[in-house]
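Undergrad: Return a 3D structure for these sequence lines:
(one chain, ligands or ions: 1)
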Amino acid sequence: MSSSMPKTMIWPTFIISLLLLHATANAIDLSRLYGHMANPIQKRSDACHPYEPFKCPGDGNCISIQYLCDGAPDCSDGYDEDMRLCTAAKRPPVEETASFLQSLIASHGPNYLEKLFGSKARDALSPLGGVEKVAIALSESQTIEDFGAALHLMRSDLEHLRSVFMAVENGDLGMLKSLGIKDSELGDVKFFLEKLVNTGFLD
Ligand SMILES: [Ca+2]
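TA: Numbers count the residues shown, from 1 in each chain. Here you go, the predicted model:
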């Protein structure tokens, strides 16, 4: 009947794609998140009611979208308040971040992102686990320290990355130009870095 997807479906679709990415890239050990559940309450039927469209992966309970990341656990294992999930929800989608990084590599060469993330970012980020893994870490890491820990960045590389973020935050686009960012890319790069800063990356 209805051909267009209701707005309320965007969230669960996003979460599902996030979960699929996690499963693919093994970013979250789901068994660790679910394994400690002592008392799974009775499972409801597979399909959630449209008013409670989010299904807790652990107990199958259905909750309303407004209870995701609202500060109080509603899934019995607290999955709806998982910090990585809630950080990712504020950030640009992983796919968007990955294609952004990919576009910088495509236009500047496979070692270009060394200028941002340091020597482990050569060869299209492969020493860091690849573009998708870095995109997931940017999405899920609450702070730049968490990001450095997730990817085992060297302290000096992390401090360099922080200085790039701080320059952008202070409106110093000369820093980006000195890294070889083209004028045509400045807007996108600035927008991307600011989006991270505005969601607590430098806190
Ligand atoms: Ca909640």
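Undergrad: Give me the secondary structure label for Arg122.
TA: At Arg122 the chain is in helix, as set by DSSP: H, G, I helix; E, B strand; the rest coil.
Undergrad: Is it in contact with Pro110, as I believe?
TA: Yes: look at Arg122 against Pro110 with Cβ atoms under 8 Å: they come within range, at 7.1 Å. For the C-beta atoms, the positions are set from N, CA and C on the backbone; glycine is no exception.
Undergrad: Neighbour count for these two, which is higher?
TA: A count of neighbours by other Cβ atoms under 10 Å puts Arg122 above the other of Arg122 and Pro110, at 17 against 14.
Undergrad: nearest residue to the more buried one other than its sequence neighbours?
TA: Leaving aside its sequence neighbours, Arg122 sits nearest to Asn111 (Cβ to Cβ, 6 or more residues apart in numbering; 4.5 Å).
Undergrad: contacting residues for that neighbour?
TA: Asn111 is in contact with 121-123, counting by Cβ atoms under 8 Å, 6 or more residues apart in numbering.
Undergrad: what would these look like in JSON lines with distance to the ion and pLDDT?
TA: Shown next, in JSON lines, are those (distance: Cβ to the ion, whole Å; pLDDT from 0 to 100):
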{"residue": "Ala121", "distance to the ion": "36", "pLDDT": "96"}
{"residue": "Arg122", "distance to the ion": "41", "pLDDT": "96"}
{"residue": "Asp123", "distance to the ion": "41", "pLDDT": "97"}
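Undergrad: Tell me how this structure divides into domains.
TA: 7-85, 94-198 (automatic domain parsing).
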